[in-house]
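Asker: Have a look; sequence and predicted model below, questions after that.
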Amino acid sequence: SQVKSEHGKTIWNTEEVPEGSEFDDSWDTREQPEYQILFKQSVGTEDVFFGMSRKDPSTACCEDMVIKIKLPETKCSDITLDIQDKVLDLRTAKKKLLLHLPYPVDSKNSKARFLSEEETLEVTLRLSRMFDFINFA
């Protein structure tokens, strides 16, 4: 059976195209920077010492994802950063990083800061998961 599209000239539906595929450009030969993904959660004494909340050390209980990207010989003004719900796209004159994120994030409530002495860009992304109300009620 053939699938009819809404418009006669389209060859695929937008739902079929994975998010972030518009950034894939295999012809770009810029080097990928070294990066590290860390997870962060807010804990208090009631969590650490008394275990009063349901938090544990797993990523399921983390509120933020922190991505540290090494960018040697780069100035802050040379960095272009685009964050979407499932994709992080970073570009400089010498480096390019297209990162498909392991969890969806709230791209509107994300922060980035450039640590010039360490030559590192630190991006903090607020995780957006469907059942967060269970862990963080």
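Answerer: Great, that's in hand. Numbers count the residues shown, from 1 in each chain.

Asker: I'd like the mean pLDDT over stretch 110-122, please.
Answerer: Mean pLDDT, stretch 110-122: 94.

Asker: swap in stretch 35-44?
Answerer: pLDDT averaged over stretch 35-44 gives 87.

Asker: What helix or strand is Met65 located in?
Answerer: Using DSSP states H and E, Met65 falls within strand 64-70.

Asker: Likewise for Gln36?
Answerer: Element membership of Gln36, judged by DSSP H and E, is strand 35-40.

Asker: and that strand, which residues are buried?
Answerer: Tyr35, Phe39 (16 or more other Cβ atoms under 10 Å). For every residue, glycine as well, the C-beta is placed using N, CA and C.

Asker: Mind giving me the packing neighbours of that strand?
Answerer: strand 64-70 (3 or more Cβ pairs under 8 Å, 6 or more residues apart in numbering; DSSP states H and E).

Asker: The strand it packs on vs strand 35-40, what angle?
Answerer: 160 degrees (axes from the mean of the first three to the mean of the last three Cα atoms, to 10 degrees).

Asker: In its sheet, which strands sit next to strand 64-70, and in what direction?
Answerer: Counting by DSSP bridges, the strands paired with strand 64-70 are strand 35-40 (antiparallel), strand 120-127 (antiparallel).

Asker: chain center to the first one: distance?
Answerer: Between the mean C-alpha point of strand 35-40 and the mean C-alpha point of its chain there is a distance of 10 Å (Cα atoms, centre = their mean, to the nearest Å).
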